[in-house]
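# Structure of the sequence below:
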Amino acid sequence: QAQLVESGGGLVQPGGSLRLSCEGSGLTFDYHAIGWFHQAPGREREGVSCISRDGDTYYADSLEGRFTISRDDAKSTAYLQINSLKPEDTGVYYCAATYREGGRRCLFAIDMDYWGKGTLVTVSS
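I've put the predicted structure just below:
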């Protein structure tokens, strides 16, 4: 049974940084594209970034270069580095996986096959 577990969230001051991790098990991790999604309070889940099986990276247009996605298939883990955190970055961050390739489609929740339970990020002074 495929499982994704996020970690690395917490309370951070504006301007700070975090690195979120997503560890997979029960699936052939390196055969899946991995996406990160953000759900702010009271809002829908939105794609932030994703990385293909081959390491191609995609980002939502509005991110201003503050986010960096990476993966380490030897550890079955994907990462999301977030710099210059803003209060609007607050919310739950989910990772998800899909075995289907298709470029930026891994930024869309509807195209993902497996989901983690999320990790909460709170940006506040």
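# Test my guess that residue 48 contacts residue 34.
No: with contacts counted by CB atoms under 8 Å, residue 48 stays clear of residue 34, the gap being 11.5 Å. Quick note: C-beta positions are derived from backbone N, CA and C, even for glycine.
# Show me which of the two is the more surrounded one.
It is residue 34, of residue 48 and residue 34, that has more neighbours when counted by other CB atoms under 10 Å, with 28 against 24.
# Would you tell me what helix or strand that one is located in?
Using DSSP states H and E, residue 34 maps to strand 33-39.
# Would you pull up how far that strand lies from the middle of the chain?
With CA atoms, centre = their mean, to the nearest Å as the basis, strand 33-39 stands 4 Å off its chain's centre.
# got the angle for whichever helix or strand comes after it vs strand 33-39?
The first helix or strand that comes after strand 33-39 along the chain, using DSSP H and E, is strand 46-51. Here strand 46-51 points in a direction 160 degrees away from that of strand 33-39 (axes from the mean of the first three to the mean of the last three CA atoms, to 10 degrees).
# Sheet-wise, list the partners of whatever helix or strand comes next after strand 46-51 with their directions.
Following strand 46-51 in sequence order, the next helix or strand is strand 57-59 (DSSP H and E). According to DSSP bridges, strand 57-59 has the following sheet partners: strand 46-51 (antiparallel).
# What residues of the partner strand count as buried?
Using 16 or more other CB atoms under 10 Å as the test for burial, strand 46-51 gives 47, 48, 49, 50, 51.
# between those residues, which is closest to residue 14?
For those, the minimum distance to residue 14 (CB to CB) is 18.2 Å, reached by residue 48.
# List the residues that contact that closest one.
35, 36, 37, 38, 59, 60, 63, 67, 80, 93, 107 (CB atoms under 8 Å, 6 or more residues apart in numbering).
# Am I right that the fifth one is in contact with residue 80?
No: with contacts defined as CB under 8 Å, residue 59 does not count as touching residue 80, sitting 10.5 Å away.
# Give me the more crowded residue out of the two.
Higher neighbour count among residue 59 and residue 80: residue 80, with 27 against 19, using other CB under 10 Å.
# gap between that one and residue 29?
16 Å (CB to CB, to the nearest Å).
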